[in-house]
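Undergrad: give me coordinates for this.
(one chain, ligands or ions: 1)
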Amino acid sequence: MIPYGKQSISQQDIDAVIDVLKSDWLTQGPKVPAFEQAIAQYCKVKFASATNSATSALHIACLALGLGEGDTVWTSPISFVASANCALYCGATIDFVDIDLATGNMSVVELEKKLIIADQSNCLPKVVIPVHLAGQSCDMQSIHKLALEYNFKIIEDASHAIGAKYLNKPVGCCQFSDITVFSFHPVKIITSAEGGMAVTNNQEIAKRLRRLRSHGIISDPAEMTEQSHGPWYYQQIELGFNYRMTELHAALGLSQLNRLDSFVKTRNIIAKQFDKFFTEQNMQSLLVTEDCYSSYHLYILRLEFSNQALQAMMIKQLRAQGIQAHLHYIPIFLQPFYKQLGFDKSAFPNAMKYYSKVVTIPLHPTLTAQEISTVKNTVKSLYQQLSSANKSTPSQ
Ligand SMILES: *Cc1c(COP(=O)(O)O)cnc(C)c1O
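TA: Numbering: from 1, shown residues only. Below you'll find the predicted structure:
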């Protein structure tokens, strides 16, 4: 089976992890701060806090912005559930903003419409979480303008987008946001096995992120509420978690970072090949706009199926032929847990339309030329078969 995404681990990566195992620190040593510094430098951002996952990073990012009960978060419905769950962890309310069909990202037009209505009924969001789907930045400049006008904070869920650029700057520079979150899960662009990072230019937010990822504990005497009892002394000043990254994970992440640019370049080369081939077959992929350099975490085709059974058949048959096609994502509001919160799919027509059209096909830097050609030809011929089946069977 050709997987839709896959990590690439080198001997250097392996050696980096082994070195940590032979060292004095398995956790809370020098590798985590080294990884944080390297990411901050890469993203041209001031502060970076490593966590054990992007999910944890999203959770403490929400808390660091003061999110709590009575507050509201808006995110994209076309994302992994973690983009929405983080709000609920904080006791806040979650809602969704419909997407732009061409890019799959949060629609700025829909966001503005929803803000105008929310403003009238006094229920504006405290935090908006745009998700950079498949590795392409959202229209952050416009979202940021709305943030100034309607007074909300922004967390970029850039789980797909490390190594991507927006307006020629690295995603993660936080020019148009308060915090950006990355994921280092193995299917993402670079991996630390499990792991995440929250980056920001705000020192107070950075401090809060540090504290929240480690039980709410501080050890700097200057910040303590009373005089130190002695050299063993620390204070817990709020309720935090153990969301720390280990040295093993940081060493792997740091080593992978050396190849980030080459991974993204290879992904772009393959994506361009796919674009050319599939366009000739009248098959579209997600639009990547001029102001973006995508990291191409995913390659998502937008196809015309007369009914969703054909889309399911395409994915099933691709898998039967050794290609792990996938679908990113099931609109979050369709999840049973979210349905029970009372979401109505008719409020998000673009997300529903998107869900009936898309198919993710394999894209990762370890694909061989042979595999690329197998993917192209298999996808093409299956789609042709299904399109003609489409014409001969009346749609339901
Ligand atoms: C993968 C992913 C996450 C969660 O990342 P983990 O590191 O697995 O917790 C969050 N948001 C999006 C959009 C993702 O794709």
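Undergrad: all helices of the protein, in order?
TA: 11-21, 31-43, 54-64, 82-89, 108-120, 140-150, 203-213, 247-257, 260-280, 308-320, 336-339, 349-355, 369-392 (DSSP state H).
Undergrad: most tightly packed of those helices?
TA: helix 54-64 (a mean of 27; mean count of other CB atoms under 10 Å). Placement of C-beta: from N, CA and C, glycine included.
Undergrad: okay if I get the helices of the chain as CSV plus distance to residue 165 and mean pLDDT?
TA: Below are the helices of the chain laid out as CSV (distance: least, CB to CB, whole Å; pLDDT from 0 to 100):
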stretch, distance to residue 165, mean pLDDT
helix 11-21, 25, 98
helix 31-43, 11, 98
helix 54-64, 20, 98
helix 82-89, 21, 98
helix 108-120, 19, 98
helix 140-150, 12, 98
helix 203-213, 23, 98
helix 247-257, 16, 98
helix 260-280, 9, 98
helix 308-320, 31, 95
helix 336-339, 33, 96
helix 349-355, 24, 97
helix 369-392, 24, 90
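Undergrad: need those in TSV (columns: distance to residue 70).
TA: Below are the helices of the chain laid out as TSV (distance: least, CB to CB, whole Å):
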stretch	distance to residue 70
helix 11-21	43
helix 31-43	33
helix 54-64	14
helix 82-89	12
helix 108-120	14
helix 140-150	17
helix 203-213	20
helix 247-257	35
helix 260-280	40
helix 308-320	38
helix 336-339	20
helix 349-355	26
helix 369-392	48
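Undergrad: which one of these lies closest to residue 169?
TA: Proximity to residue 169, assessed across the helices of the chain by CB to CB, is greatest for helix 31-43 (8.9 Å).
Undergrad: that closest one vs helix 247-257, what angle?
TA: 30 degrees (axes from the mean of the first three to the mean of the last three CA atoms, to 10 degrees).
Undergrad: quick one on the thing from earlier: the helices of the chain: which one's closest to residue 328?
TA: helix 349-355 (10.0 Å).
Undergrad: how far out from the middle of the chain is that closest one?
TA: Centroid separation for helix 349-355 versus its chain: 19 Å, with CA atoms, centre = their mean, to the nearest Å.
Undergrad: residue numbering should commence at 33 henceforth.
TA: Will do, 33 is the new start, and the previous item becomes helix 381-387.
Undergrad: ok so, going back, I'd like the helices of the chain as a markdown table, with distance to the ligand appended.
TA: Shown next, in a markdown table, are the helices of the chain (distance: least, CB to the nearest ligand atom, whole Å):
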| stretch | distance to the ligand |
| --- | --- |
| helix 43-53 | 18 |
| helix 63-75 | 14 |
| helix 86-96 | 3 |
| helix 114-121 | 4 |
| helix 140-152 | 18 |
| helix 172-182 | 16 |
| helix 235-245 | 13 |
| helix 279-289 | 11 |
| helix 292-312 | 15 |
| helix 340-352 | 19 |
| helix 368-371 | 15 |
| helix 381-387 | 14 |
| helix 401-424 | 21 |
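Undergrad: nearest to residue 393, out of those?
TA: helix 401-424 (5.8 Å).
Undergrad: what is the closest one packed up against?
TA: Counting contacts by 3 or more CB pairs under 8 Å, 6 or more residues apart in numbering; DSSP states H and E, helix 401-424 is packed against helix 292-312, helix 340-352.
Undergrad: and the last one, what does it pack against?
TA: The one in question is helix 340-352. strand 390-393, helix 401-424.
Undergrad: so for residue 270, which of the helices and strands packed on helix 401-424 sits nearest?
TA: Distance to residue 270, taken as CB to CB, is lowest for helix 292-312 among those, at 33.8 Å.
Undergrad: which residues does the closest one contact?
TA: 40, 74, 167, 194-196, 221-222, 316-317, 325-329, 331, 333, 393, 395-397, 399, 404, 407-408, 411-412 (CB atoms under 8 Å, 6 or more residues apart in numbering).
Undergrad: now do that helix: distance to the chain's middle.
TA: With CA atoms, centre = their mean, you get 19 Å for helix 292-312.
Undergrad: quick one, it and helix 63-75 angle?
TA: Using the same axes, to 10 degrees, one finds that helix 292-312 and helix 63-75 are set 50 degrees apart in direction.
Undergrad: for helix 292-312, list the C-alpha coordinates in PDB.
TA: Provided in PDB are the C-alpha atoms of helix 292-312 (Å, rounded to 0.1, in the frame of the first residue of the first chain):
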ATOM      1  CA  LEU A 292      12.600  20.600   6.400                       C
ATOM      2  CA  ASP A 293      13.300  22.800   3.400                       C
ATOM      3  CA  SER A 294      14.200  19.800   1.200                       C
ATOM      4  CA  PHE A 295      11.100  17.900   2.300                       C
ATOM      5  CA  VAL A 296       8.900  20.900   1.400                       C
ATOM      6  CA  LYS A 297      10.700  21.400  -1.900                       C
ATOM      7  CA  THR A 298      10.200  17.700  -2.800                       C
ATOM      8  CA  ARG A 299       6.500  17.900  -1.900                       C
ATOM      9  CA  ASN A 300       6.200  21.000  -4.100                       C
ATOM     10  CA  ILE A 301       7.900  19.300  -7.000                       C
ATOM     11  CA  ILE A 302       5.600  16.200  -6.800                       C
ATOM     12  CA  ALA A 303       2.500  18.500  -6.300                       C
ATOM     13  CA  LYS A 304       3.400  20.400  -9.500                       C
ATOM     14  CA  GLN A 305       3.700  17.200 -11.400                       C
ATOM     15  CA  PHE A 306       0.300  16.100 -10.100                       C
ATOM     16  CA  ASP A 307      -1.200  19.500 -10.900                       C
ATOM     17  CA  LYS A 308       0.000  19.300 -14.500                       C
ATOM     18  CA  PHE A 309      -1.100  15.700 -15.000                       C
ATOM     19  CA  PHE A 310      -4.500  16.000 -13.400                       C
ATOM     20  CA  THR A 311      -5.400  19.400 -14.900                       C
ATOM     21  CA  GLU A 312      -4.900  17.700 -18.300                       C
END
